[in-house]
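> Here's a sequence, model it:
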Amino acid sequence: MHVEATSTIAPAKKRLATRSLTRDLIPRSAEPPQIVLTWLVRLRWLAVAGQVLAISVAHWLVGLKIPPIPIAGVILLTALSNVLLMILLRRERVARWLVAAVLVLDVCLLSVLLYCSGGAQNPFCILYIVHIVMSVVVLGPAWTWLIVAIACASFLGLFFFHEPFVTDHPLSARALTLGQWTAFALVAVLIGYFVDRVTRALRMRERELSNVRERATRTEQLASLTTLAAGAAHELGTPLGTIAVIAKELELSLEDSNKEDARMIREEVDRCRTILDRMRVDIVEDLHQKATTISLAEFLKRLRHDLPAAERSRLHVECAPGIQSIIGPVRAIEQAIGVLVRNSFDAAPDADSVKLSIDHTKGETVFTVEDTGHGMPQDVLRRAGQPFFTTKPPGKGMGLGLFLVRLVAERYGGQFELASTPGVGTKSKLQIPDRVAGDESTEGDDSGANEDPGRR
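Predicted coordinates for the structure are as follows:
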């Protein structure tokens, strides 16, 4: 049988698929060293501009006599090292020690500038605090204390070793006060700007990683469940095949009055096989599908085929004008919409219909399933989609359907929304983009392949 031939290798395939999918889920966002260095590069360009401006003001307006060659060398070295950092940031990964090396270099360059411009008397000595705060925010204790030690030793050395202020005329108390205030304001702005931007970027990355871990956990859970389902399909396949053969023989040998019963047995066995095939489907592997195209008629035919005969006539489908095909990960969409439709039939009264609406807008196909069932209260609605949570009676459901739908939406960059009002009914909406991540083109059968995806 088909089930026996494939299910024995399914667990290994699922483990491989799970690891691959987990890698796909990892965001392409920057690592912490890249985040920090990106902002450091910007601050260092501001420092270069500020140094040029400060030196110009000190020389031309205040009349300070400062050695131009060493100061120009410091500014040039800062600019060249920043260019090198920009080149290194283009790599996928940057060494963590590079952040500490840049801060140590900047402390040394600042010390040279202060040495050439008055030493400890220069009000801009307070800029050492900026580097210490940066190290506290982005580095570990060892590097932080090293930078603290270098900054303190450099500041102490400036009391004894420096080029004194030489001016055309003595500096007024007002000028010194203005310099001190300017230095304090500059430090306050730099610390506030850097700490806010870096911590915000790091928090955003932590949220992304938390979402990835959560999604990877759900994927691993689903891989385990589908492995279990494959085992069940394998074990039940043989007895179902035997029953089907016996039912066929009975249908041929019995009289007309009993043939209908034998035929019904065979039909129900075929239905069980279909259900087992659906359970055995390698869902984790399906989550690697590329976008394909299927005609709307064929999609609805497959959807109705999976429903019991009594429910097929109760499914009311409404399609927006112009939609003739479905573009996307078709197999995953079929499973997800089948789950939503079956859930709606389970919730709706026996005589009521279930409405399926299909629309296309802004490069996405939107599937909406509505029923007139008893609805769900808010506490139940919040838990809907968690694995093994179900409101159905025992034996009617495992609580995995909405879990699968959410996983499909997340994997393909879509959205899944569930709204319910007690006593009114439930509305489910699944949005799937036409092009899934990594697709350069849309593949599939010829039905609708040459049509405009915006109006299919």
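
> which residues of the protein fall in strands?
Taking DSSP state E to define them, one finds strands in the chain at 292-295, 315-319, 325-328, 354-361, 364-370, 415-421, 425-433.

> Out of these, the one nearest Tyr128 is which?
Of all the strands of the chain, strand 415-421 sits nearest to Tyr128, with 49.6 Å by Cβ to Cβ. Heads up, the C-betas are built off the backbone N, CA and C, glycines and all.

> Of the strands of the chain, flag the one that's most buried.
Taking mean count of other Cβ atoms under 10 Å as the contact definition, the stretch among those with the greatest mean neighbour count is strand 325-328, which reaches a mean of 26.

> What count of nearby residues applies to the nearest residue to Leu64 once chain neighbours are set aside?
Nearest in space to Leu64, with sequence neighbours left out and distances taken as Cβ to Cβ, 6 or more residues apart in numbering, is Ala58 at 4.3 Å. Counted with other Cβ atoms under 10 Å, the burial measure for Ala58 works out to 20 neighbours.

> So Ala58 versus Ile129, what's the distance?
Relative to Ile129, Ala58 is positioned 21 Å away (Cβ to Cβ, to the nearest Å).

> got it, and Ala244?
In this structure, Ala244 lies at 81 Å from Ile129, with Cβ to Cβ as the measure.

> same thing with Arg382?
When Cβ to Cβ is the yardstick, Arg382 and Ile129 sit 47 Å from each other.

> Could you check which of these two is surrounded by more residues?
Ile129 (15 against 11).

> So the chain: which segments form each domain?
The domain map for the chain lists 32-171, 289-433, with the assignment taken from automatic domain parsing.

> Same list (those) but as a markdown table, adding distance to Leu252.
Listed next are those as a markdown table, based on distance: least, Cβ to Cβ, whole Å:
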| stretch | distance to Leu252 |
| --- | --- |
| domain 32-171 | 67 |
| domain 289-433 | 24 |
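
> can you redo those as JSON lines with distance to Gly237 and mean pLDDT?
Written out in JSON lines, the entries for the domains of the chain read as follows (distance: least, Cβ to Cβ, whole Å; pLDDT from 0 to 100):
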{"stretch": "domain 32-171", "distance to Gly237": "46", "mean pLDDT": "84"}
{"stretch": "domain 289-433", "distance to Gly237": "19", "mean pLDDT": "83"}
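
> so which of those gets nearest Asn258?
domain 289-433 (21.3 Å).

> Work out the gap between that closest one and the centre of the chain.
Taking the mean C-alpha point of domain 289-433 and that of its whole chain, the gap between them comes to 23 Å (Cα atoms, centre = their mean, to the nearest Å).

> contact partners of stretch 241-254?
For stretch 241-254, the surrounding residues in contact (Cβ atoms under 8 Å, 6 or more residues apart in numbering) are 1, 258-259, 262-263, 265-266, 269-270, 273.

> Out of these, flag the one nearest to Gln324.
Minimum distance to Gln324 across the contacts of stretch 241-254 is 30.6 Å, recorded for Asp270 (Cβ to Cβ).

> how many neighbours does the closest residue in space to that closest one that isn't next to it in sequence have?
Taking Cβ to Cβ, 6+ apart as the measure, Asp270 lies nearest to Ala244, with 7.2 Å between them; neighbours along the chain are not counted. Taking other Cβ under 10 Å as the neighbour definition, Ala244 ends up with a count of 19.

> State the distance from Trp145 to Leu139.
Relative to Leu139, Trp145 is positioned 10 Å away (criterion: Cβ to Cβ).

> do Leu356 as well
Distance, Leu356 to Leu139, using Cβ to Cβ: 56 Å.

> who touches the spatially closest residue to Asp352 that is not a sequence neighbour in this structure?
Sequence neighbours aside, Thr372 is the residue nearest to Asp352 in space, at 4.9 Å (criterion: Cβ to Cβ, 6+ apart). If a contact means Cβ under 8 Å, 6+ apart, then Thr372 has 348-349, 352, 424-425 as its contacts.

> cool, Lys427 as well?
Under the criterion of Cβ under 8 Å, 6+ apart, the neighbours of Lys427 are 368-370, 418-420.

> can you check Lys429 too?
Neighbour list for Lys429: 366-369, 415-419 [criterion: Cβ under 8 Å, 6+ apart].

> Pick the one among these closest to Arg90.
Out of the contacts of Lys429, the member with the shortest distance to Arg90 (by Cβ to Cβ) is Gln415, at 33.3 Å.

> Show me what the closest one is bridged to.
The bridge-partner assignment for Gln415, based on DSSP bridges, gives Gln431.

> any idea how far it is from Val366?
Gln415 sits 9 Å away from Val366 when distances are taken as Cβ to Cβ.

> joint contacts of the two?
Taking Cβ under 8 Å, 6+ apart as the contact criterion, the residues that touch both Gln415 and Val366 are 429-431.

> and which of those is nearest to Pro123?
Closest to Pro123, out of all of the shared contacts of Gln415 and Val366 and judged by Cβ to Cβ, is Gln431, at 58.3 Å.

> That closest one and Val366 touch, don't they?
Yes - with contact defined as Cβ atoms under 8 Å, Gln431 reaches Val366; the gap is 5.1 Å.

> now the helices for the stretch 101-250 of the chain?
If DSSP state H, counting those that start in this stretch is used as the criterion, the helices of the stretch 101-250 of the chain fall at 128-138, 141-160, 173-253.

> let me fix that: the stretch 251-400 of the chain
With DSSP H, counting those that start in this stretch as the criterion, the stretch 251-400 of the chain has helices spanning 256-280, 283-286, 296-305, 309-312, 330-347, 378-383.

> Return the list of helices and strands in contact with the fourth one.
So the one you mean is helix 309-312. Packed against helix 309-312, as judged by 3 or more Cβ pairs under 8 Å, 6 or more residues apart in numbering; DSSP states H and E, are no other helices or strands.

> from the contacts of stretch 241-254, which is closest to Glu214?
The closest of the contacts of stretch 241-254 to Glu214 turns out to be Arg273 (Cβ to Cβ; 35.1 Å).

> Just give the nearest non-adjacent residue to that closest one, would you?
Of all residues apart from its sequence neighbours, Leu240 sits closest to Arg273 (Cβ to Cβ, 6+ apart), at 6.0 Å.

> Against Val341, how distant is Ile432?
Using Cβ to Cβ, Ile432 is found at 16 Å from Val341.

> before we move on, what about Glu370?
Glu370 is 11 Å from Val341, where distance means Cβ to Cβ.

> What of Arg266?
Taking Cβ to Cβ, one finds Arg266 at 26 Å from Val341.

> Same question for Val57.
As judged by Cβ to Cβ, Val57 and Val341 stand 73 Å apart.

> mind pulling up the phi and psi values for Leu89?
For Leu89, the backbone dihedrals (degrees, to the nearest 10) come out as phi -70, psi -20.

> pretty sure it is touching Leu37, no?
Yes - taking Cβ under 8 Å as the definition, Leu89 is a contact partner of Leu37 at 5.9 Å.

> between the two, which one's more packed in?
The residue with more neighbours, out of Leu89 and Leu37 and counting by other Cβ under 10 Å, is Leu37; that gives 22 against 16.
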